[in-house]
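Q: test case, fold it:
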Amino acid sequence: MTNQASAAENDSRKFALSLGLACYLIAMLLWRAFTVAHEYPMRTEQVLTMAIDGLAIAALIGLRASLPKWLFGIALLCGLALFAIRLNGDASWWTGHIMYALPSR
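A: Numbering: from 1, shown residues only. This next block holds a predicted model:
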């Protein structure tokens, strides 16, 4: 009885974690696609955001069995698009956003 209860609890934790990762990747793509960046981050912040995005994709792939296939597919595409945005140009490489503009003074 306790093995079944702990297995069900473990499955619900895996589902919650994978759902959180999917929501994170989708939200980050929407944020970086529709928000204008106003300054370049420091090099450590740039590398850290790329590492976090990469680890989120790796964890999502590891937990793919606990998500519906359509949600996993959308989240994986969003995660890969986060790296594709960085290939848009120099400003996109540094900021991770599609658009970059300096505010007027």
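
Q: list the contacts of the residue nearest the centre of the chain.
A: Centroid-nearest residue in the chain, with CA atoms, centre = their mean: L25, separated by 2.7 Å. By CB atoms under 8 Å, 6 or more residues apart in numbering, the contact list for L25 reads 53, 56-57, 60, 75-76, 78-79, 82. All C-beta atoms are positioned from the backbone trio N, CA, C, and that covers glycine.

Q: for L71, same thing?
A: Taking CB under 8 Å, 6+ apart, we find L71 in contact with 19, 22.

Q: which strand or helix spans it?
A: Assessed by DSSP states H and E, L71 sits inside helix 69-85.

Q: in that helix, what's buried?
A: For helix 69-85, the neighbour count (16 or more other CB atoms under 10 Å) marks 71-72, 74-76, 78-79, 82, 85 as buried.

Q: between these, which sits nearest T49?
A: T49 lies nearest to L82 out of the buried residues of helix 69-85, by CB to CB, at 8.8 Å.

Q: what about G96, neighbour count?
A: By other CB atoms under 10 Å, 22 other residues sit near G96.

Q: verify the contact between it and I85 for me.
A: Yes: taking contacts as CB atoms under 8 Å, G96 lies within contact range of I85: 6.2 Å.

Q: shared neighbours, the two?
A: R32.

Q: coming back round to it: any idea how far the residue nearest to the centre of the chain is from D11?
A: According to CB to CB, to the nearest Å, L25 stands 21 Å off from D11.

Q: and what of S92?
A: Note on S92: its distance to D11, by CB to CB, is 39 Å.

Q: and Y100, by the same measure?
A: As judged by CB to CB, Y100 and D11 stand 43 Å apart.
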